[in-house]
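**Student:** build the 3D model from these lines:
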Amino acid sequence: MSHTWVMVANSATARFFEVKNNKELEEVETMSHPESRLHNRDLVSDRPGRGFESALTMRHAKEPKTTPKTVEFENFAESLYHFLEEAHRNGKFAKLYIAANPSFLGILRQTIHKPEITSTIVAEYNIDMTQMHADEIRKHLPYVI
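**Tutor:** The predicted model follows:
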């Protein structure tokens, strides 16, 4: 069993690879979050609330501080974190490489906060590799892993 994993993710898909002894990547898990692909209007059941302008008598729709889509991105990041936490607890990896598109990588950084997992992260890459084949992903990683 290898102790190094690679996670490639975007806001809707995550793929987990194990680094084998011959340095090749073997996919061990794929997770998806279809809600992340929906439009904001499809994630809410009613229209936004209405409010009055403080200085005028005009009304306008209130925009939420966080969009429904962002909430779904955060939900997916949270589920990835719990998956990693369990896998680490079960001894499936000791080192972790993460590659994600920049905006989702930021959400992952906020979500993955416990030292048990953050201490395993060796490197992060600001690139979405979810559509790449394992050999293409391997080319982006250091040879020494």
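**Student:** residue 23 and residue 97, how far apart?
**Tutor:** Distance of residue 23 to residue 97, computed by Cβ to Cβ, to the nearest Å: 13 Å. The C-beta positions use only the backbone N, C-alpha and C, and glycine is treated the same way.
**Student:** can you give me the helices in the chain?
**Tutor:** For the chain, the helices defined by DSSP state H occupy 40-43, 68-89, 102-111, 115-118, 134-139.
**Student:** for those helices, give me JSON lines that also has distance to residue 125, mean pLDDT and mean neighbour count.
**Tutor:** Converted to JSON lines, the helices of the chain look like this (distance: least, Cβ to Cβ, whole Å; pLDDT from 0 to 100; neighbours: other Cβ atoms under 10 Å):
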{"stretch": "helix 40-43", "distance to residue 125": "28", "mean pLDDT": "45", "mean neighbour count": "12"}
{"stretch": "helix 68-89", "distance to residue 125": "16", "mean pLDDT": "91", "mean neighbour count": "17"}
{"stretch": "helix 102-111", "distance to residue 125": "8", "mean pLDDT": "95", "mean neighbour count": "17"}
{"stretch": "helix 115-118", "distance to residue 125": "16", "mean pLDDT": "94", "mean neighbour count": "12"}
{"stretch": "helix 134-139", "distance to residue 125": "10", "mean pLDDT": "94", "mean neighbour count": "14"}
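**Student:** save those helices as JSON lines, and put in distance to residue 128 too.
**Tutor:** JSON lines is the format used below for these (distance: least, Cβ to Cβ, whole Å):
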{"stretch": "helix 40-43", "distance to residue 128": "21"}
{"stretch": "helix 68-89", "distance to residue 128": "13"}
{"stretch": "helix 102-111", "distance to residue 128": "8"}
{"stretch": "helix 115-118", "distance to residue 128": "21"}
{"stretch": "helix 134-139", "distance to residue 128": "11"}
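**Student:** out of residue 23 and residue 97, which sits in the more crowded spot?
**Tutor:** Set residue 23 next to residue 97 and count neighbours by other Cβ atoms under 10 Å: residue 97 wins out with 23 against 13.
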